[in-house]
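In: Structure of the sequence below:
(chains A and B, ligands or ions: 1)
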Amino acid sequence: MARMLMKGNYAAVYGAAMAGCTAYYGYPITPASEIAESAASLFPKLGRTFLQAESEVAAINMVYGAAGSGQRVMTGSSGPGISLKLEGISYCAGAALPCVIVDIMRGGPGLGNIGPEQSDYNQVVKGGGHGNYSSIVLAPNSCQEMCDYTMKAFELADKYRTPVFVLTDGVIGQMMESVTIPEPVKELPDKSDYAVYGTPLHKNLVNSIYIDHDDLEEWNLTLHKKYQVIKKEEVMYEEYMMEDAEIAVIGYGSVSRVLRTAVDAARAKGIKMGLFRPVTLFPFPEKEIAAMPGKGVKHILTVELSTGQMVDDVNLALAGSIKSDLYFRLGGNVPSADEILGKISELYGEVK
Amino acid sequence: MKKTMLQKPKGFIDEYKHKAGAEKDRTHYCPGCGHGILHKLIAEALEDFGLVDETILISPVGCSVFAYYYFDTGNFQAAHGRAPAVATAASRANPDKIVISYQGDGDLAAIGGNNILQAANRGENIVVFFINNAIYGMTGGQMAPTTLEGQVTTTTPYGRNTDTDGFPIKMSEVLSQLTAPTYIERVSLHDAPHIRKTRNAVRKAIKNAKERKGFQFVEVLSTCPSGWKMDPVKSMKWVKEKMLPLYPLGVYRDLGDDAKITTRPVPVMDPVAVWEKLGISAEADVDFPRGDVAEEYRKLSIRVAGFGGQGIMVTGQALASVALEYGYNVSWLPSYGPEMRGGTANCSVNIQDGQIGAAEAVKPSMLLAMNRPSLEKFEEAVEPGGTLIYNSTLIDIEPTRADIKVFAIPITGIADELGNTRVQSMVNIGAYAAITDMFRVEDVIALLPKLFKGKKQAILDLNAKAVKAGFAYVKDNFK
Ligand SMILES: Cc1ncc(C[n+]2csc(CCOP(=O)(O)OP(=O)(O)O)c2C)c(N)n1
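Out: Numbering: from 1, shown residues only, chains lettered A, B, ... in the order given. The predicted model follows:
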């Protein structure tokens, strides 16, 4: 059966396996542990490497070693574990190494809890670690997308030689849906221009240190240019009932699913509401959001499972053209569609 | 003879092209520093064994951060303390290569303490060269974990005080407590005879690595004239007089021919083989023909709730699994996070055509309540016109809603009659099939081996009976 009922966390690993990922390095954490568990079950069947590292710090540095060795490699974690990985992710970005990191967000700060939140947005989307870098961030909202976007993450990582995040929350990681497994990749990209194999032909150097100030400035500008290309080429988003929408609700991950239900309910009441769902968070679909007021959108409500992290990007895109609003729930609580509609009528009561 | 001695080993790059600045023919190390000597011994060994082209070297953070300037090998520069983790992955990716983790004492024994411990404990097939110079050289002479008692450094200006700073860590002794390492030796660079012994240890470790003999660890007592603020000659003397008594030289582990040879699997990459190994095949995906499902059951948002242990999750997953085989889009979400409080387990299942929105059945169109607390908790939320199925064996109160369809079914009782309470889940599925006309009993039974993978035929037969019994109860008792 290519079609299976499986958890989002499992689907990510199937996607990785189909993408030709040959190594998984990770450390368990709820609600991401099934990623490590499914890699532990699938990868040995394929003669591929699964290693439970001693910490997230070790895991990401193993990812650095594997990526520098030319492998497609993945790790998975959640909030506290991602915080620990950030130094290593910065090293990967600085050495231009492709890798895939799955983050199944949980409640914070500190130990927080294992309920779904979206409060890793800033540490994931805004670089997070030290230095001038950004990771590409894909935000799936279904189990099928967990599989497909993890696969895509590997392509993007290799295309731009950069870390790519698959960012979602505990709801998507823990839920089960039908997933149709894509066909495995037939060919992997040639990495002999940078990967270290320990052969006479490829005495490459994997490195992020540039002692000379001019050299480091130049390298940073090279990275900066890469991010500009990514911003131009790789934006992904999804719209639902946006054609004639006067109210746009914006959300990603599991929130976008609730918002979709809310849009259906709103439309049933004759409210012209639509959903805008960023699929890539870096690059952020800023142009599309900036264009909304010109297309008849009068009100924009961003809904997040954080006190407002993505909303900063929404407002940057809008550049003050119209005032936008924010609604959020925290600590593992997820808003219901009714709750969203209540907020809509509270804020924009006059809208029909 | 003399000429040969002065030749640069071929393990080094001819011209240090990666090195910043003009002086591309000399190292960045200070006069009298031990790093340079150890570099040379490694480079010579690689040349002599013909391994220069088969070696991957990991430079750490510390004075040897620039080791990659010099070695004509494949090179990584790693984060502070993480060289063993990087080496682990490089070795797993290239199992037949010599992978060298070159580290200082701050790098290895302080920030990277756990990384070296765990790599050693896994018996990674790597060589670790550990420069113990009792100080942080690179950052200007701060205390290292190996700093001697009373030793003055920039962060122990009154001398290392063991009451507050602890004692010097003896890494060779620590690692020799582990089972996996193959070879551990402590050597020193303080005079020519000892350099010769160091040379032997370096060569032994590299040779072992070539034979894939697992984890090799060579601790090298070394001078740091700049960090110690001593001239090179005095530094040599200081190693001999102060360090040797504390850090006894010698072999701490040598498994010799008893060392296990490292083997690693070859990754399966062929697309056909990948699917085969994982048991995936597109051919099995044929939808069952759908029955005549009433309008109200074509887009279902179901809450299944009961005690933990009542098969709540299994019932929900089975609903989703079977519906999937009729080509419906399905989702299953376990009670998760705060919902888990209070001893009731519940899950949400969506079954419909088209894209599924919110996964949680906040306002379910169907509630399957297996115990009283679940009925009390979720009845109110059921959509008007929705359906309630409740377990009348355990629920001794009447539902209050008049605007929903109610099916009272003695689910636990039916299961018990079959001789096993645990088949409640399949009684549920049978009842659901009868109410909605969504599943045919024979289809569900055909799927049982898939739903209960690896279970004995007797268990499958019992569950088949349960499906039939649930189905029959509804057909017999409701019109
Ligand atoms: C995360 C991190 N913390 C601190 C540093 C600063 N730092 C660079 S080298 C070093 C000490 C290295 O000492 P050691 O490992 O003993 O090597 P040596 O320089 O003596 O050869 C430190 C603390 C760093 N680069 N990264």
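In: dump the residue contacts of residue 143.
Out: Since no chain was named, I'll use chain A. A:6-8, A:11, A:172, A:175-179, B:331 (Cβ atoms under 8 Å, 6 or more residues apart in numbering or on different chains). Just so you know, the C-beta spots here come from the backbone N, C-alpha and C atoms, and that holds for glycine as well.
In: oops, chain B please
Out: Residue B:143 neighbours (Cβ under 8 Å, 6+ apart): B:135-136, B:151, B:153, B:155-156, B:160, B:165.
In: Pull out the buried members of those residues.
Out: Among the contacts of residue B:143, those buried by neighbour count (16 or more other Cβ atoms under 10 Å in any protein chain shown) are B:135-136, B:151, B:153, B:155-156, B:160, B:165.
In: show me where pLDDT drops low in the stretch 251-352 of chain A?
Out: Scanning the stretch 251-352 of chain A for pLDDT under 70 picks out A:350-352.
In: what does it put close to chain B?
Out: Taking Cβ under 8 Å from any Cβ of the partner chain as the measure of proximity, the stretch 251-352 of chain A contacts chain B at A:254, A:257-258, A:260-261, A:264, A:331-334, A:336-338.
In: Looks to me like residue A:44 is in a helix.
Out: Yes. Assigned with DSSP: H, G, I helix; E, B strand; the rest coil, residue A:44 falls within a helix.
In: For residue A:86, the count of nearby residues, please.
Out: With neighbours defined by other Cβ atoms under 10 Å in any protein chain shown, the count for residue A:86 comes to 18.
In: Now for it: which residues touch it?
Out: So residue A:86 contacts A:123, A:128-130 (Cβ under 8 Å, 6+ apart).
In: so which helix or strand takes in it?
Out: Using DSSP states H and E, residue A:86 sits within helix A:79-94.
In: Find the residue ranges of chain A scoring beneath the pLDDT cut-off.
Out: Within chain A, the stretches with pLDDT under 70 are A:1, A:350-352.
In: report the longest helix in it, please.
Out: Secondary structure assigned by DSSP state H gives helix A:213-233 as the longest helix of chain A.
In: just chain B next, same as before
Out: Assignment by DSSP H; longest helix in chain B turns out to be helix B:457-477.
In: List the contacts of that helix.
Out: B:407, B:409-411, B:414-415, B:417-420, B:423-435, B:441, B:444-445, B:448-449, B:452.
In: For ChimeraX, what selects the buried ones among the contacts of residue A:86?
Out: This is how ChimeraX selects the buried members of the contacts of residue A:86, with burial counted by 16+ other Cβ under 10 Å:
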select /A:123,128,129
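In: Any chance of the contacts of residue A:86 in a markdown table with distance to the ligand and secondary structure as columns?
Out: A markdown table is the format used below for these (distance: Cβ to the nearest ligand atom, whole Å; DSSP: H, G, I helix; E, B strand; the rest coil):
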| residue | distance to the ligand | secondary structure |
| --- | --- | --- |
| A:123 | 17 | helix |
| A:128 | 15 | coil |
| A:129 | 11 | coil |
| A:130 | 10 | coil |
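In: Nearest to residue A:51 among the contacts of residue A:86?
Out: Distance to residue A:51 across the contacts of residue A:86 (Cβ to Cβ) is lowest for residue A:129, with 22.4 Å.
In: and the spatially closest residue to that closest one that is not a sequence neighbour, what does it touch?
Out: Distance criterion Cβ to Cβ, 6 or more residues apart in numbering or on different chains; nearest residue to residue A:129, sequence neighbours excluded, is residue A:90 at 3.2 Å. Counting by Cβ under 8 Å, 6+ apart, residue A:90 touches A:127-131, A:133, A:208.
In: cool, residue B:328 as well?
Out: Residue B:328 is in contact with B:351-353, counting by Cβ under 8 Å, 6+ apart.
In: So what does residue 153 look like in phi/psi?
Out: No chain specified, so I'll use chain A. Phi and psi for residue A:153, reported as degrees, to the nearest 10, are phi -60, psi -40.
In: hm, I was asking about chain B
Out: Residue B:153 has phi and psi values of phi -130, psi 180 when expressed as degrees, to the nearest 10.
In: Can you tell me, leaving aside adjacent residues, what's nearest to it?
Out: residue B:143 (4.5 Å).
In: picking up where we left off before, would CSV of the contacts of residue B:143 with distance to residue B:199, pLDDT and secondary structure be doable?
Out: Putting the contacts of residue B:143 into CSV (distance: Cβ to Cβ, whole Å; pLDDT from 0 to 100; DSSP: H, G, I helix; E, B strand; the rest coil) gives the following:
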residue, distance to residue B:199, pLDDT, secondary structure
B:135, 24, 98, coil
B:136, 27, 97, strand
B:151, 28, 98, coil
B:153, 30, 97, strand
B:155, 34, 97, coil
B:156, 33, 97, strand
B:160, 31, 98, coil
B:165, 34, 97, helix
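In: Looking at those residues, which one is closest to residue A:63?
Out: Residue A:63 lies nearest to residue B:136 out of these, by Cβ to Cβ, at 27.2 Å.
In: near chain A, anything from the helix or strand hosting residue B:317?
Out: Using DSSP H and E, the element containing residue B:317 is helix B:312-324. Yes. Contact between helix B:312-324 and chain A is present through B:317, B:320-321, B:324 (criterion: Cβ under 8 Å from any Cβ).
In: quick one: which of those is nearest to residue A:289?
Out: Of all these, residue B:320 has the smallest distance to residue A:289: 35.0 Å, by Cβ to Cβ.
In: who are the neighbours in contact with that closest one?
Out: For residue B:320, the contact set (Cβ under 8 Å, 6+ apart) comprises A:5, A:176-178, B:330-332, B:349, B:351.
In: For it, give its distance to residue B:184.
Out: Distance of residue B:320 to residue B:184, given as Cβ to Cβ, to the nearest Å: 54 Å.
In: what do you get for residue B:202?
Out: Look at residue B:202 and residue B:184: by Cβ to Cβ, they are 14 Å apart.
In: Tell me which of the two has more neighbours.
Out: Counting neighbours by other Cβ under 10 Å for residue B:202 and for residue B:184 shows that residue B:184 has the greater number, 28 against 25.
In: ok, now how distant is the residue nearest to residue B:153 from residue B:303?
Out: Taken as Cβ to Cβ, the span from residue B:143 to residue B:303 is 61 Å.
In: what does residue B:422 give?
Out: In this view, residue B:422 and residue B:303 are 21 Å apart by Cβ to Cβ.
In: Comparing these two, which residue is more hemmed in?
Out: The neighbour count for residue B:422 versus residue B:303, taken as other Cβ under 10 Å, is higher for residue B:303 (25 against 16).
In: where does that one land in three-state SS?
Out: State at residue B:303, reduced to three classes by three-state DSSP: strand.
In: ok, which stretches of chain A are helices?
Out: For chain A, the helices defined by DSSP H occupy A:8-18, A:33-42, A:56-68, A:79-94, A:121-125, A:143-160, A:170-174, A:213-233, A:254-268, A:286-290, A:310-318, A:337-348.
In: cool, and the stretch 201-350 of chain B?
Out: For the stretch 201-350 of chain B, the helices defined by DSSP state H, counting those that start in this stretch cover B:225-228, B:232-238, B:244-246, B:271-277, B:312-324.
In: looking at these, which is closest to the ligand?
Out: Checking these against the ligand by Cβ to the nearest ligand atom gives helix B:225-228 as the closest, at 6.6 Å.
In: tell me the domain ranges of chain B?
Out: As given by automatic domain parsing, the domain ranges for chain B are B:21-258, B:278-477.
In: JSON lines for the contacts of residue B:320, including neighbour count?
Out: Listed next are the contacts of residue B:320 as JSON lines, based on neighbours: other Cβ atoms under 10 Å in any protein chain shown:
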{"residue": "A:5", "neighbour count": "23"}
{"residue": "A:176", "neighbour count": "28"}
{"residue": "A:177", "neighbour count": "27"}
{"residue": "A:178", "neighbour count": "23"}
{"residue": "B:330", "neighbour count": "23"}
{"residue": "B:331", "neighbour count": "25"}
{"residue": "B:332", "neighbour count": "29"}
{"residue": "B:349", "neighbour count": "26"}
{"residue": "B:351", "neighbour count": "27"}
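In: thinking again about what came up before, now the two most distant members of the residues of the stretch 251-352 of chain A next to chain B.
Out: Farthest-apart pair in these is A:264 and A:331; separation 26.9 Å (Cβ to Cβ).
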